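build the 3D model from these lines:
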Amino acid sequence: MVRWQSVVASIVCVGLSGLGPASVQAQETPAVVRPNILFIAVDDLRPNLGCYGDAHAVSPNIDRLAARGRLFERAYCQVAVCNPSRASLMTGQRPDSLGVWTLPIHFREAQPDGVTLPQWLRQYDYVAISHGKIFHNPTPDPQSWSETIRPLGGLPPFYPDGTRERIAEVQAALPANDWRKNNLRGPITAAPDLPDNQLLDGARTDMAIEDLHRLASGDQPFFLAMGYIRPHLAWIAPRQYWDRIDPSSLPVLIDQQVPQGAPHYAMSSSYELSHYVDQIDFPTPWEDRRLTDAEARHLMHAYYACVAYVDAQIGRLLEALEETGEADNTIVVLWSDHGWKLGEHNGWGKMTNYEIDTRVPLILAGPGIEQPGESTHELAELVDLFPTLCDLVGIGTPEFAQGESLVESLRDPHAETQAAAFSQYYRQEDGQEVMGYAIRTDRYRFVEWRDFSTGDVLTRELYDHDVDPSESINAIDAAEPELVESLTNELLASHPRRALVMTPAVHSDEAAGRWPTAIGFENQLSVPVDVYPITPRGNRGRGRTLAAGESMSVNARIGGVFVVEAQDGSLHEIHSPAYPPRTVVLAPR
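Numbers count the residues shown, from 1 in each chain. Reported below is the predicted structural model:
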């Protein structure tokens with residue numbers, strides 16, 4: 001079914017607080033066809049897929065998607081960790097402009113009036129629906145979507161009996177000040193004998209397929225987002241996908257080293273694996289103690305099994321798209337938020353500025369892709385997706401979108417496009433806050449580490465991919481001064497040295513707490529609302545859900561801040577306690 005829409009003058013760009021005026025206004029135009037968008041995110045997915053040349057990967061469905069679209073060999077995230085990477089992509093802004101660099105801060109606290117890609121598309125009559133992990137969970141940004149995000153029903157346990165008792169026993173033996181006393185997870189791997197849809201990603205694929213058929217029968221173009229959790233930890237996939245991988249054939253790395261000559265804070269500590277009950281003593285990259293071949297092989301086997309499982313779910317989703325008859329009128333985008341180390345640099349996980357963590361798979365297929373099946377080696381960034389999709393569906397690109405459209409590469413895989421890609425990573429080291437900025441050119445990766453609060457340069461890294469593609473030796477001291485100056489100037493053009501402030505616009509008063517009071521909330525909406533206390537650092541505390549028609553009172557302090565979001569996206573408000581105590585009425589606007 002082909003949909004038609006008329007873009008009329010009444011559809012205007014939203015003025016954005018803190019971003020400057022939007023630069024585009026929809027104008028009266030003849031009726032136009034708007035293609036649909038199927039937007040597929042896969043968490044922690046490296047470019048280790050058949051279509052990227054990995055013969056060990058079981059990824060036939062993603063491979064087929066690449067064969068009918070454009071595969072980007074060198075696409076890069078802006079931050080190699082979930083929340084800031086996704087926030088940057090979905091708002092079209094680089095992290096320094098958005099003010100989101102870490103996991104805890106939701107972008108709505110940094111820019112309450114920010115406009116996301118689905119919000120922008122909705123102004124042009126798109127229906128935008130989300131499943132799974134698109135934004136960083138557990139803050140899925142209800143304002144972005146046309147419909148309330150549907151909750152997932154109960155699923156059977158995937159760990160064997162006795163797992164809870166095992167966790168409790170290990171927790172009891174931990175030191176009193178160990179952060180895992182209240183935050184220790186189950187085993188890092190599991191291979192349950194369950195059908196695909198009895199695990200999280202398969203169950204959500206069922207829901208996405210239902211919506212795909214419903215949306216295809218409507219008269220509006222749609223933006224359907226499906227975010228897969230695996231291969232994010234824990235590595236859990238049905239047994240059948242483990243059986244498709246021969247672990248003895250996998251290229252296990254147990255002899256790697258941290259980059260020679262790099263500052264200590266350039267590497268991540270692999271700490272995310274130590275969240276799991278069977279990995280609490282997971283070695284850091286700097287330790288002499290290493291994983292054995294058997295241990296590393298098991299973990300790599302688990303990762304590849306999860307990739308095979310997610311690939312099968314993507315295959316079901318793409319098959320459903322074909323069944324709707326809308327495949328020829330649907331742009332399919334597949335991306336990952338960052339890469340992942342499987343032993344490279346003697347590390348596991350993400351969270352660095354290195355190639356292995358910042359390089360991501362990126363595939364676009366559908367209308368507007370010429371010479372399908374040919375890959376491009378031109379540099380690309382995830383922040384480029386916002387303007388690219390605007391161009392592909394024929395709508396204006398807003399002024400705040402900072403990426404470059406990839407349309408030239410979609411028309412011609414050999415077209416010369418942008419000269420560099422940029423990534424960055426924030427780190428705390430011995431009480432000092434630092435930010436590393438990386439520029440990736442055709443040949444080099446150059447990193448400048450700066451003091452976060454001043455912008456002063458602390459140290460630098462340089463890797464020449466023509467002679468050191470694994471980025472094993474920091475060559476900054478041996479580099480020609482002219483080369484370093486050129487790369488520095490190119491980096492500074494887009495990422496000038498300046499002081500940064502971690503605390504976002506919405507935060508509680510640092511001195512809050514002297515005067516206790518209460519604040520009440522009365523929900524007069526027809527949908528539930530979530531009430532989040534905001535810390536002085538701008539982090540969301542544990543939210544409380546207030547059902548339609550319900551009221552509650554919260555013990556608070558003068559100077560505190562609460563964010564209130566309706567689950568259907570119809571309301572987003574910021575409130576502070578007062579004295580005498582007051583009740584905030586949450587009513588339809």
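
nearest spatial neighbour of L392, skipping sequence neighbours?
G368 (4.6 Å; Cβ to Cβ, 6 or more residues apart in numbering). Every C-beta, even on glycine, is put in place using the N, C-alpha and C of the backbone.

who's in contact with that neighbour?
P35, I331, L392, V407, L410, R411 (Cβ atoms under 8 Å, 6 or more residues apart in numbering).

the stretch 1-150 of the chain: helices as residue ranges?
Taking DSSP state H, counting those that start in this stretch as the criterion, the stretch 1-150 of the chain contains helices spanning 60-67, 82-91, 95-98, 107-110, 117-122.

hang on, the earlier thing: from F223, how far out is the residue nearest to L392?
15 Å (Cβ to Cβ, to the nearest Å).

same question for I519.
To F223, I519 is 36 Å away according to Cβ to Cβ.

which strand residues bridge T376?
F72 (DSSP bridges).

before we go further, P387 is sitting in a helix, right?
Yes: assigned with DSSP: H, G, I helix; E, B strand; the rest coil, P387 falls within a helix.

pLDDT value on it, please?
Looking at P387, its pLDDT is 98.

for P251, same thing?
96.

also W515?
For W515, the pLDDT comes out at 86.

chain neighbours aside, what residue packs nearest to it?
That would be I558: by Cβ to Cβ, 6+ apart, it lies 4.1 Å from W515.

ditto for E522
S551 (4.4 Å).

distance check, the one you found against T517.
17 Å.

who has more neighbours out of those two?
Taking neighbours as other Cβ atoms under 10 Å, S551 and T517 compare with T517 leading, 18 against 14.

okay, now the unreliable bits of the stretch 401-550 of the chain?
Counting by pLDDT under 70, the stretch 401-550 of the chain has low-confidence residues at 512-513.

at 80 what do you get?
510-514 (pLDDT under 80).

do a quick rundown of the helices in it.
Counting by DSSP H, counting those that start in this stretch, the stretch 401-550 of the chain has helices at residues 407-411, 481-494.

hmm, back to that, out of the helices of the stretch 1-150 of the chain, which comes closest to A172?
A172 sits nearest to helix 82-91 of all those, at 30.6 Å, using Cβ to Cβ.

for the closest one, which outside residues touch it?
Outside helix 82-91, the residues that touch it by Cβ under 8 Å, 6+ apart are 41, 43, 77-79, 94-95, 98, 100-107, 111, 114-118, 133-136, 141, 144, 335, 337-338, 382-383, 385-386, 400.

now list the buried members of those residues.
Buried members of the contacts of helix 82-91, counted by 16 or more other Cβ atoms under 10 Å: 41, 43, 77-79, 94-95, 98, 100-102, 105-107, 111, 114-118, 133-136, 141, 144, 335, 337-338, 382-383, 385-386, 400.

and the pLDDT for P367?
96.

top of the contacts of G368 by number of neighbours, please.
The most crowded member of the contacts of G368, judged by other Cβ under 10 Å, is L410 (25 neighbours).

residues contacting that residue?
Applying Cβ under 8 Å, 6+ apart to L410 gives the contacts R70, L364, G368, I369, E370, T388, L392.

that one and G368: what is the separation?
Per Cβ to Cβ, L410 is found 6 Å from G368.

D464 now?
Applying Cβ to Cβ to D464 and G368 gives a distance of 36 Å.

helix or strand right after the lengthiest helix in the chain?
The longest helix of the chain (DSSP state H) is helix 293-324. Helices and strands here follow DSSP states H and E; after helix 293-324, the next one along the chain is strand 330-336.

just give me how far stretch 146-166 sits from the chain centre.
How far stretch 146-166 lies from its chain's middle: 22 Å, per Cα atoms, centre = their mean, to the nearest Å.

nope, stretch 450-460 is what I was after
Taking Cα atoms, centre = their mean, the mean C-alpha location of stretch 450-460 is offset from the chain mean by 26 Å.

what about that stretch, how long is it end to end?
In stretch 450-460, first residue to last residue: 9 Å (Cα to Cα, to the nearest Å).

kindly report the same for stretch 436-447.
One end of stretch 436-447 to the other measures 6 Å (Cα to Cα).

show residues contacting it.
Residues outside stretch 436-447 that contact it (Cβ under 8 Å, 6+ apart): 74, 76, 265-266, 353-355, 358, 379, 419-425, 427, 448-450, 460-466, 471, 483-484, 487-488, 490-491, 495.

same question for stretch 41-49.
Contacts to stretch 41-49, defined as Cβ under 8 Å, 6+ apart, come from residues 54, 56-57, 59, 62-63, 66, 73, 82, 86, 132-134, 225-233, 304, 307, 310-311, 314, 334-340, 342, 350, 356, 359-361.

pull out the buried members of those.
The buried subset of the contacts of stretch 41-49 - by 16+ other Cβ under 10 Å - is 54, 57, 59, 62-63, 66, 73, 82, 86, 132-134, 225-233, 304, 307, 310-311, 314, 334-340, 342, 350, 356, 359-361.

show me the residue at the heart of this structure, geometrically.
With distances taken as Cα atoms, centre = their mean, R86 lies nearest the centre of the chain, 3.2 Å away.

and that residue, what pLDDT?
R86 is given a pLDDT of 98.

could you list the domains of the chain?
33-411, 421-494, 516-586 (automatic domain parsing).

please identify the most buried of the ones you listed.
Across the domains of the chain, the average number of neighbours (mean count of other Cβ atoms under 10 Å) peaks for domain 33-411, which reaches a mean of 20.

work out the gap between that one and the centre of the chain.
7 Å.

and that domain, end to end?
Terminal-residue distance, domain 33-411 (Cα to Cα): 19 Å.

for stretch 568-582, same thing?
In stretch 568-582, first residue to last residue: 25 Å (Cα to Cα).

in the stretch 1-150 of the chain, where is pLDDT below threshold?
Along the stretch 1-150 of the chain, segments meeting pLDDT under 80 span 1-32, 137-139.

mind running it again at 70?
1-31.

now stretch 304-318: average pLDDT?
The pLDDT scores in stretch 304-318 average 99.

need the residues that contact that stretch.
Identification of contacts with stretch 304-318 by Cβ under 8 Å, 6+ apart yields 38, 40, 42, 45, 48-49, 56-62, 64-65, 191, 196, 199, 201-202, 205, 208-209, 212, 226, 228, 230-231, 235-238, 241-242, 244-245, 250, 327, 332, 334.
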